[in-house]
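*Asks:* Here is my input; please provide its structure:
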Amino acid sequence: MIANLLILFEAPALGLQLLIDGILIGAVFALAAYGMALVWGVTNIVNVCQGEFVMLGGFVAVLCIEQGVPPLLAVAIAAAALYALGWGLFQTVIVHLIGRDMFNSVLATFGIAIILQQLMARTLGAADRIAESGLGSWFFFDGLVGVAKVKLLVFAACIALGTALAFFLARSRQGQAIRATAQEPRAAAALGIETREVYGLPYALNAA
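*Replies:* Residues are numbered from 1 along each chain as shown. A predicted model of the protein is given here:
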């Protein structure tokens, strides 16, 4: 452990590379956590299958790219497909967990996670799938530090999506309905808000 830390002092460029990669890749995990927090905050459901949503979205994007679809369009298709999956799972499974003990949601979403894992393993295989962006990289310090352009693009997209989601929740009518339902579902229903649809929207958005 100490020897590994000493390497960072002996090669500062390696530490800088780790820092850059951590920030750029961490944005993807932060966005996924943002969606999970949204579901938990609105529906009080712990979505254990969050990782499977992320992985399945990646597989859909890669499959589209392998069929000749442009990468950015493939990402949009993957988001739309996962939105549909999230909405379908909510209407068939998750809706029955609203208002029940949190342990039920953990068990149910854990079951969904296992099903998705097995379906992906059997249909897509266990091997890693990589989609080449073709954007290349920037190199600094005599090539010791590299920054992939696609990681910067993804980082910017994550920031933009997170900001857009916050703006949606704060300013849009549906976003205000989501916030009202999260704070007091009975009062929201009494005011005419369709709470079932309001609960379903964050789950579908989270999946996307």
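
*Asks:* Find the residue at the geometric middle of this structure.
*Replies:* Geometric centre of the chain, nearest residue: A32, 3.2 Å, by C-alpha atoms, centre = their mean.

*Asks:* Report whether it is found in a strand, as I expect.
*Replies:* No. A32 is assigned helix when assessed by DSSP: H, G, I helix; E, B strand; the rest coil, not a strand.

*Asks:* wait, V54 sits on L31?
*Replies:* No. Shown here, V54 and L31 do not form a contact pair, counting by C-beta atoms under 8 Å, at 9.2 Å. All C-beta spots, glycine's among them, are computed from the backbone N, C-alpha and C.

*Asks:* returning to what we had before: quick check: the gap between the residue nearest to the centre of the chain and L161.
*Replies:* To L161, A32 is 11 Å away according to C-beta to C-beta, to the nearest Å.

*Asks:* Can you check the distance spanned by stretch 94-111, start to finish?
*Replies:* 12 Å (C-alpha to C-alpha, to the nearest Å).

*Asks:* Contacts for that stretch, please.
*Replies:* Contact with stretch 94-111 is made by 43-49, 93, 196, 199-200, 203, as judged by C-beta atoms under 8 Å, 6 or more residues apart in numbering.

*Asks:* Before we go further, L135 is sitting in a strand, right?
*Replies:* No. Read with three-state DSSP, L135 is coil and lies in no strand.

*Asks:* What about the residue nearest to it when sequence neighbours are not counted, how many residues nearby?
*Replies:* Spatially, and ignoring its direct neighbours in sequence, L135 is nearest to K149 (3.9 Å; C-beta to C-beta, 6 or more residues apart in numbering). The local packing of K149 (other C-beta atoms under 10 Å) involves 13 other residues.

*Asks:* so what's the backbone phi/psi at K149?
*Replies:* phi -60, psi -30 (degrees, to the nearest 10).

*Asks:* Next, the contact list for it, please.
*Replies:* Per C-beta under 8 Å, 6+ apart, neighbours of K149: 133, 135-138.

*Asks:* nearest to Q176, of those?
*Replies:* The closest of the contacts of K149 to Q176 turns out to be S133 (C-beta to C-beta; 37.5 Å).

*Asks:* If anything else comes up later, I'll come back, but that's it for now.
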